[in-house]
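[1] Sequence isn't available, so here's the structure alone:
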């Protein structure tokens, strides 16, 4: 064995530790760290693992609720859904790896989030993916879309979880930094949830799953820095996924958990063995001693440093009840997975690592884990953008052409090309698949219940006003769950931002979190898990602020839900909420006028709640069977999407006002609903009583969508425009933006 | 009615299949792990879908050489009905119980969507519940469903009425030769198909078109109206 390199300032910097952080290391341990120790500090104290810039603000979010069993701080959040069952879910980013190596980056993002869920004893039942790419005409975009989508599908399909929702957006601000936010939810029994907090001294620490290789060494540190032109050199930091092993690991872990052998369990994600061991020990106020010579490896002569920082996938660490060892080991042998005792719990609060018979690390475990550094980064709140009066925006000469342009635009076109690469129906419980407001999955084995899932954020609103954008992301998610008839239960947040060391970008983060907090509080929609991804910038260009919200809702009676594709001839269409008027930061303004300007729509949370509760009540009564929330592109796009999904037209009379504001305004707290004529009188009376504005829009039928005095299009023409863009773009046959005709 | 479902590491539609068989027969199927060398005495053996052994070699190639597949071959030889769906179909081809091979989809992408299937032969043990030429709905979800057989094999399959299902109405999702979605062996007791009938057997699945296959082979009275 060669001598360890000297710990030089350059080496410290290469580990992403700032000089003051390194000074803190020195004062903590009273000596120079070994290389392995330096690697461990780097792994634990980087932004990705320590949340050192964001912690202060995350603490302000509402995380409690009647149904919340476990909030942030565990592998995933846990929410009670009654009957002894709970839903376990989280969303997590894999942005940096996906930009470097799209297939594996996205695949392992899915693998990581699935592991977070089944580590807690839940069988994954639904997945979603929020994807954001650069401008369509950027040379890397098509390659990234193809690779990321194939990676998401490749892992999730093989693992066997239905992908029931997600988002795909394009914007030049993601040119150098795509976003891959993977969500997973699982179902567990409330009395059989597993946690990562170690308990008991002298108990075996067991390594489970796949072998350790050199892949992903230093991945979390890489993900905590901006990108520059050396990005191609970072490919070795990306992990390689093996969904087959993960599927075996799932089955083995769930079998293992039934034996009572598991005292604590933690998946190995970012910073692998280091992070999982430290977290288990620190949470349980215990020390951990690891003997790396017992770690199953797939490559010869791995150093302690490499083993501690490897991010090889499909691995778990657990504290075992020693009496159950034989039983536990047999399960892993059956599934062809490794099972190795690699250490023990101790009572001295030290994290000790032995390798080749000597000690290569001896560190205070609490300081590494839950007492990692925390920063109060300076920030400046972004300037308010002016309100844009619709009268200042040129009215479209041809509203029909404008609608077709929007339907065929990269951000609003059909995502079929994407979601058909995902298995959306495996497990046989998918009641609503991608393309509607929310994915709906029935609760396996339950006679009546179902769960709804939606992922939302409008980054151009967040750029315009991060506070309002953050609140709107929560409101839209809550609205989408409501639109299928679900009671929104709780949410997970995946906060993607730029470099927090720049005060204006830190300001975006702070304001967005404030907006999210305000909306979650007002809507009784607590945040129970989440992830922060900072430093999403390349060569100084930050992404649009993108706080993705993944929400979960409960449907008590799955025979009483609404969908977007159930509109029938004769149904009466209503707009719930006021007429459109707000064009600032809208899809219309960006797509038709090429202007990304103005303040985003105001978010009135009490109105949001009143309108949502009103709509949900009528869905749950079985009166409303068709519902669609109004968001990007406003009323006209919602009408078009409902007609296209249902293959039926409608004759509509919208309100008075400027055509583009009425048709495409993006005012919030609005729904498009349909019901039978016989139910309309009672519905209108109830709306009056509840103080909910309502407009009777017209009746469904025929093959055309006509909006009196404004547009007249066949459903077929809209469908062609809507369905064509993405396949044409991906096949490279797109010559120019589709003509609006 | 007794049924059995073969379990191999990496299969992932085993639970769907077990649920479907339980719904249809009222009784949970027995499961048979990959290392078993005998099968229970049942009326139907199913090799379900998924990615056995990750499909890291050719799809189904490793699974086809597992001990349990020798037992499946022996049962098939004795005339026990065997159904292979998706990866199960690939495994049956790799095991030599069915002719031809499943190649990568023509578009080189995984595809999950609903297709139309024409019941080309309603006189097999698996299709009696359907009318000859009936077009049914059925979902697909696969990356390697592009069926191929050489000209001589194809002619035999056609002449002997062994093409059971074809993708209909232009819905071939994978480029399969002659739109082939499912075939039977010479004896007619082994059916392999790419689409997933087990995902369309309850009203909540959005339809029950897939039930007929199970009801036919198990000799149940058809409930297609359900």
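    Everything's here; your move. Everything numeric in this text was worked out from a predicted model, so none of it was measured. Numbering: from 1, shown residues only, chains lettered A, B, ... in the order given.
[2] What parts of chain A come near chain B?
    Taking CB under 8 Å from any CB of the partner chain as the contact definition, chain A meets chain B at A:150, A:153-154, A:157-160, A:242-245, A:247-248, A:335-336, A:419-428, A:431, A:442, A:558. Any C-beta I mention is one placed from the backbone N, CA and C, and that applies to glycine too.
[3] wait, is residue B:68 part of a strand?
    No: the assignment for residue B:68, made by DSSP: H, G, I helix; E, B strand; the rest coil, is helix rather than a strand.
[4] Can you go through the residues of chain A next to chain B and name the buried ones?
    Among the residues of chain A next to chain B, those classed as buried by 16 or more other CB atoms under 10 Å in any protein chain shown are A:150, A:153-154, A:157-160, A:242-245, A:247-248, A:335, A:419-428, A:431, A:442, A:558.
[5] on that earlier part again, sort out for me which of the residues of chain A next to chain B are in helices.
    Taking DSSP state H as the definition of helices, the residues of chain A next to chain B contribute A:150, A:153, A:154, A:157, A:158, A:159, A:243, A:244, A:245, A:247, A:248, A:419.
[6] ok now do the fifth one, which residues does it touch?
    Meaning residue A:158. By CB atoms under 8 Å, 6 or more residues apart in numbering or on different chains, the contact list for residue A:158 reads A:243, A:244, A:247, B:10, B:12, B:50, B:51, B:54, B:55.
[7] For those, could you give me a markdown table that also reports pLDDT?
    Below are the contacts of residue A:158 laid out as a markdown table (pLDDT from 0 to 100):
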| residue | pLDDT |
| --- | --- |
| A:243 | 97 |
| A:244 | 97 |
| A:247 | 97 |
| B:10 | 97 |
| B:12 | 97 |
| B:50 | 98 |
| B:51 | 98 |
| B:54 | 96 |
| B:55 | 96 |
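[8] With distance to residue A:98 as added columns, please give those in a markdown table.
    Below are these laid out as a markdown table (distance: CB to CB, whole Å):
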| residue | distance to residue A:98 |
| --- | --- |
| A:243 | 16 |
| A:244 | 21 |
| A:247 | 22 |
| B:10 | 25 |
| B:12 | 24 |
| B:50 | 26 |
| B:51 | 22 |
| B:54 | 21 |
| B:55 | 23 |
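[9] low pLDDT regions in the stretch 151-300 of chain A?
    When residues are selected by pLDDT under 70, those of the stretch 151-300 of chain A lie in A:218-237.
[10] And the residue nearest in space to the middle of chain B, how close does it get to residue A:588?
    Nearest residue to the geometric centre of chain B (CA atoms, centre = their mean): residue B:85, 2.9 Å. Look at residue B:85 and residue A:588: by CB to CB, to the nearest Å, they are 47 Å apart.
[11] Repeat that for residue A:391.
    Remark: distance between residue A:391 and residue A:588 (CB to CB) = 14 Å.
[12] ok, those two, which is more surrounded?
    More neighbours surround residue A:588 than the other of residue A:391 and residue A:588, with 29 against 9 (other CB atoms under 10 Å in any protein chain shown).
[13] How about the more buried one, nearest residue that isn't a chain neighbour?
    residue A:664 (3.8 Å; CB to CB, 6 or more residues apart in numbering or on different chains).
[14] which regions of the stretch 501-650 of chain A sit below the pLDDT cut-off?
    Under the criterion pLDDT under 70, no range of the stretch 501-650 of chain A is flagged.
[15] Sorry, slip of the keys, the one I care about is chain B.
    Applying pLDDT under 70 to chain B picks out residues B:222-226.
[16] please redo it, this time with the cut-off set to 90
    Applying pLDDT under 90 to chain B flags residues B:1, B:220-226.
[17] tell me the strands in it, going along the chain?
    B:3-7, B:30-33, B:44-47, B:82-85, B:101-103, B:111-119, B:135-142, B:146-148, B:163-167, B:180-184, B:190-193 (DSSP state E).
[18] Reformat those as CSV; add distance to residue A:610.
    Below are the strands of chain B laid out as CSV (distance: least, CB to CB, whole Å):
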stretch, distance to residue A:610
strand B:3-7, 50
strand B:30-33, 51
strand B:44-47, 51
strand B:82-85, 49
strand B:101-103, 55
strand B:111-119, 38
strand B:135-142, 40
strand B:146-148, 53
strand B:163-167, 49
strand B:180-184, 51
strand B:190-193, 51
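[19] okay, those strands in TSV with distance to chain A next?
    Shown next, in TSV, are these (distance: least, CB to the nearest CB, whole Å):
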stretch	distance to chain A
strand B:3-7	10
strand B:30-33	8
strand B:44-47	14
strand B:82-85	12
strand B:101-103	16
strand B:111-119	5
strand B:135-142	5
strand B:146-148	16
strand B:163-167	15
strand B:180-184	17
strand B:190-193	16
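[20] quick revisit: show me the contacts for the residue nearest to the centre of chain B.
    Taking CB under 8 Å, 6+ apart, one finds B:13, B:17, B:46-49, B:192-198 in contact with residue B:85.
[21] Can you verify my assumption that residue A:687 contacts residue A:610?
    No: contact criterion CB atoms under 8 Å: residue A:687 and residue A:610 do not qualify, at 10.4 Å.
[22] Report the spatially nearest residue to the residue nearest to the centre of chain B, omitting neighbours in sequence.
    residue B:49 is the one closest to residue B:85 (CB to CB, 6+ apart), at 5.1 Å.
[23] for chain A, what are the nearby residues on chain B?
    Proximity of chain B to chain A, by CB under 8 Å from any CB, involves residues B:9-10, B:12-13, B:15-16, B:19-20, B:50-51, B:53-56, B:109-113, B:139, B:141, B:143, B:196, B:198-199, B:202, B:204-205.
[24] PyMOL command for the buried members of those residues?
    Command for PyMOL, covering only those of the residues of chain B next to chain A found buried under the criterion 16+ other CB under 10 Å:
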select buried, chain B and resi 9+10+12+13+15+16+19+20+50+51+53+54+55+109+110+111+112+139+141+143+196+198+199+202+205
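[25] tell me which of the contacts of residue A:158 is nearest to residue B:188?
    Nearest to residue B:188 among these, counting by CB to CB, is residue B:50 at 25.7 Å.
[26] Quick check: closest non-adjacent residue to the closest one.
    Using CB to CB, 6+ apart, the nearest residue to residue B:50 is residue B:11, at 3.4 Å.
[27] follow-up on the earlier one: which ones among the residues of chain B next to chain A are found in helices?
    Mapping the residues of chain B next to chain A onto helices (DSSP H) picks out B:15, B:16, B:19, B:20.
[28] And these, which is closest to residue A:168?
    Nearest to residue A:168, judged by CB to CB, of these is residue B:16 at 27.2 Å.
[29] Provide a list of residues in contact with residue 205.
    Chain wasn't specified; assuming chain A. Residue A:205 is in contact with A:277, A:280, A:288, A:290, A:317-320, A:341-345, counting by CB under 8 Å, 6+ apart.
[30] my bad, the chain I had in mind was chain B
    A:428, B:199.
[31] still on that earlier bit, ok, of the contacts of residue A:205, which come out buried?
    A:277, A:280, A:288, A:290, A:317, A:318, A:319, A:320, A:342, A:343, A:344, A:345.
[32] Quick one: those residues as JSON lines, columns for secondary structure too.
    Shown next, in JSON lines, are the buried ones among the contacts of residue A:205 (three-state DSSP):
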{"residue": "A:277", "secondary structure": "helix"}
{"residue": "A:280", "secondary structure": "helix"}
{"residue": "A:288", "secondary structure": "strand"}
{"residue": "A:290", "secondary structure": "strand"}
{"residue": "A:317", "secondary structure": "strand"}
{"residue": "A:318", "secondary structure": "strand"}
{"residue": "A:319", "secondary structure": "strand"}
{"residue": "A:320", "secondary structure": "strand"}
{"residue": "A:342", "secondary structure": "strand"}
{"residue": "A:343", "secondary structure": "strand"}
{"residue": "A:344", "secondary structure": "strand"}
{"residue": "A:345", "secondary structure": "strand"}
